[in-house]
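K.L.:
could you work out the structure for the sequence below:
(2 chains)
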Amino acid sequence: MSDIVNRRQFVAGLAAFGAVFTAVPAFAYSSADATNLIGKVVRDINRIINSGQPETVMLSDFENIFRDYADVPIIARSALGPPARSLSASQLADFTTSFQGYISRKYGRRFREFVGGKMEVKSAKAVKSFFEVKCLATLKGQPPFEVIFVVAGRSGRFIDMEIEGVSLLKAERAEVGAMLDNRRGDVRRLTADLRNI
Amino acid sequence: MAHKFRTKIRMAALIGLLFVSACARPEVSRGTYDPFEVQNRGIHEDNRKLDQYVLRPVSQGYGKILPPELRLGVSNMASNLSVPGVVVNDLLQFNLRNAGHNTVRFLLNSTIGLGGLLDPAAAKFPLRRNDFGQTLYVWGAGEGAYLELPLLGPSTTRAAAGIVVDLALDPLRLFAPTDVATASTIASAADVANSRYTYSDTVDSILYDSEDSYAQSRLLYLENRRFLLGDTTSGEDVYDIYEDLYE
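P.N.:
Predicted structure coming up:
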């Protein structure tokens, strides 16, 4: 009898311990973690823009950064807006994959202007359950400008990038919204088209 | 001359007042207020054609034919000649620190910077931008409605009023010899071509790659303008969007 109680207590204790243990990373995510994440992003970006590789290689390298450090499913769902709710899991997954490629190509190409430049992490601060990591981009022949990465504590990944106040998430919500309108709300067609944009 | 000056000031004040009262209406909501969207979209299409057939080709020629040093010199000059107007706005906002900072910049670049061709003040006295649209913001005028202006592109009723008043209050146009004002106009036009050339990929991607270039330019302009003004009240709180993502 007492054996069973003890075992029950032990199991309950284990469960409680497990709950605390798994909950810890979500609550303990700090500015330092966010800085660390963006430090890696910036390090990879600097490596790519100074690698002298052909553009196709650079673009796939950018896709890897985006896949590994950004919360792509969340960004894709947000860009799609309310229509995302009526999709099946596999339709949403297909859209997310297409969206990931589209974003990587679109913004990867823009990093052409970054060749020979550098980015450095400046500071980080917590805002609600998010972290703003401020970076300074220094490009050739231009005054330096501010880039902010927004990191979600809940996923430990970045969900937005703001360049001089312009949010890429908001810009893509507007763009994907327009694309969806042009296709009369047909997400499947948009998913297919995004692969070629 | 004095009479002409007074007329100009009076006109500016009148036009400015008109616009300010137009944008003093209470803000309906944060985000994008675009009651003139239909007209704006029409102007946007005209602006896009103008870019496609005139500004883009001209800027490509300008950028490819002239050496970068010369283009930078001309743009420096345009920037330097805009400083007196900037200082006027610093004073109108009682921002004496920036008025002093920008005045020192102007004096340095106008003398040892060879009339503004060089920018030796860049390191210690970088330009602290200002305009009458910003003055209106500081004075408490609301952002008003989004406007796309012919030739000039994205703006708001407040910023557009600012452009008119800035032209009228520009000390260069009021007091300097006509030649200097003309030089300033030419340098500014060349500076526009230079910027269009320097940021060609960015501008092209917005105007020609987007499926709704009007909506993209509107969003980019409003967000960037609010960022430059330090205006955190006109835009929607982006953190609301972020919170929603994880619900």
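K.L.:
and residue B:189, how far is that from residue B:74?
P.N.:
10 Å (Cβ to Cβ, to the nearest Å). The C-beta positions use only the backbone N, C-alpha and C, and glycine is treated the same way.
K.L.:
which one's more surrounded, the two?
P.N.:
residue B:74 (22 against 14; other Cβ atoms under 10 Å in any protein chain shown).
K.L.:
now that one: which helix or strand?
P.N.:
Following DSSP states H and E, one finds residue B:74 within helix B:68-92.
K.L.:
is that helix in proximity to chain A?
P.N.:
Yes. For helix B:68-92, a contact with chain A is found by Cβ under 8 Å from any Cβ of the partner chain, at B:68, B:72.
K.L.:
residues touching the residue of chain B found nearest chain A, list them.
P.N.:
Closest contact between chain B and chain A, by Cβ to the nearest Cβ, is at residue B:227 (2.2 Å). For residue B:227, the contact set (Cβ atoms under 8 Å, 6 or more residues apart in numbering or on different chains) comprises A:164-166.
K.L.:
cool, and residue A:195?
P.N.:
Per Cβ under 8 Å, 6+ apart, neighbours of residue A:195: A:98, A:101-102.
K.L.:
top of those residues by neighbour count?
P.N.:
The most crowded member of the contacts of residue A:195, judged by other Cβ under 10 Å, is residue A:102 (23 neighbours).
K.L.:
is it fair to say residue B:233 lies in a strand?
P.N.:
No. Judged by DSSP: H, G, I helix; E, B strand; the rest coil, residue B:233 forms no part of a strand; its state is coil.
K.L.:
for it, grab phi and psi.
P.N.:
In terms of degrees, to the nearest 10, the main-chain angles of residue B:233 are phi -100, psi -20.
K.L.:
where's it relative to residue B:137, distance?
P.N.:
For residue B:233 relative to residue B:137 (Cβ to Cβ), the value is 10 Å.
K.L.:
higher neighbour count, those two?
P.N.:
The neighbour comparison of residue B:233 against residue B:137 (other Cβ under 10 Å) goes to residue B:137, with 23 against 10.
K.L.:
helix or strand: which one has the more buried one?
P.N.:
Residue B:137 belongs to helix B:132-138, assigned by DSSP H and E.
K.L.:
say whether chain A is contacted by that helix.
P.N.:
No. On the criterion Cβ under 8 Å from any Cβ, helix B:132-138 is out of touch with chain A, staying 14.4 Å away.
K.L.:
return the set of buried residues in whichever helix or strand comes after that helix.
P.N.:
As assigned by DSSP H and E, the chain's next helix or strand after helix B:132-138 is strand B:146-149. Neighbour counts over strand B:146-149 (16 or more other Cβ atoms under 10 Å in any protein chain shown) mark B:146-148 as buried.
K.L.:
touching, residue A:62 and residue A:48? I think so.
P.N.:
Yes. In this structure residue A:62 lies within contact range of residue A:48 using Cβ atoms under 8 Å: 6.8 Å.
K.L.:
list residues touching both of these two?
P.N.:
With Cβ under 8 Å, 6+ apart as the test, residue A:62 and residue A:48 both reach residue A:111.
K.L.:
helices of chain B, start to end?
P.N.:
Assigned by DSSP state H, the helices in chain B fall at B:2-23, B:37-50, B:56-65, B:68-92, B:96-111, B:132-138, B:157-169, B:171-175, B:178-198, B:200-204, B:213-229, B:238-245.
K.L.:
now find how far off-centre the third one is within its chain.
P.N.:
If you compare the mean C-alpha spot of helix B:56-65 with that of the full chain, they lie 22 Å apart, counting by Cα atoms, centre = their mean, to the nearest Å.
K.L.:
poorly predicted segments of chain A, please.
P.N.:
Applying pLDDT under 70 to chain A flags residues A:1-27.
K.L.:
check contacts around the residue in it that chain B sits nearest to.
P.N.:
Closest residue of chain A to chain B, Cβ to the nearest Cβ: residue A:165 (2.2 Å). Residues in contact with residue A:165 (Cβ under 8 Å, 6+ apart) are B:223-224, B:226-228.
K.L.:
of those, which pair is most distant in space?
P.N.:
Spanning the widest gap among these are B:223 and B:228, at 9.9 Å by Cβ to Cβ.
K.L.:
neighbour-wise, which of those two wins?
P.N.:
Legend: neighbour count by other Cβ under 10 Å for residue B:223 and residue B:228, higher for residue B:223 (22 against 13).
K.L.:
what residues are up against the more buried one?
P.N.:
Residue B:223 sits in contact with A:165-167, A:170, B:235, where contact means Cβ under 8 Å, 6+ apart.
K.L.:
quick one: which of the residues you listed sit in strands?
P.N.:
Counted as lying in strands by DSSP state E, out of the contacts of residue B:223, are A:166-167.
K.L.:
buried ones among the contacts of residue B:223?
P.N.:
Counted by 16+ other Cβ under 10 Å, the contacts of residue B:223 give A:165-167, A:170, B:235 as buried.
K.L.:
ok, so of the residues you listed, who is nearest residue A:149?
P.N.:
Of the buried ones among the contacts of residue B:223, the one sitting nearest to residue A:149 (Cβ to Cβ) turns out to be residue A:167, at 11.3 Å.
K.L.:
what's across from the closest one in the sheet?
P.N.:
residue A:162 (DSSP bridges).
K.L.:
that one and residue A:160 touch, don't they?
P.N.:
Yes. Contact criterion Cβ under 8 Å: residue A:167 and residue A:160 qualify, at 5.6 Å.
K.L.:
how about the helices of chain A, start to end?
P.N.:
A:2-28, A:31-49, A:55-69, A:72-80, A:89-110, A:168-182, A:187-194.
K.L.:
switch these over to TSV; also include distance to residue B:217.
P.N.:
As requested, the helices of chain A are exported to TSV (distance: least, Cβ to Cβ, whole Å):
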stretch	distance to residue B:217
helix A:2-28	39
helix A:31-49	26
helix A:55-69	25
helix A:72-80	19
helix A:89-110	16
helix A:168-182	10
helix A:187-194	22
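K.L.:
spell out which parts of chain A neighbour chain B.
P.N.:
So chain A meets chain B at A:74, A:77-78, A:106, A:109-110, A:112-113, A:127-130, A:141-143, A:150, A:152, A:154-155, A:159-160, A:164-167, A:169-171, A:174-175, A:178-179, A:181-182 (Cβ under 8 Å from any Cβ).
K.L.:
kind regards, and thank you for your time.
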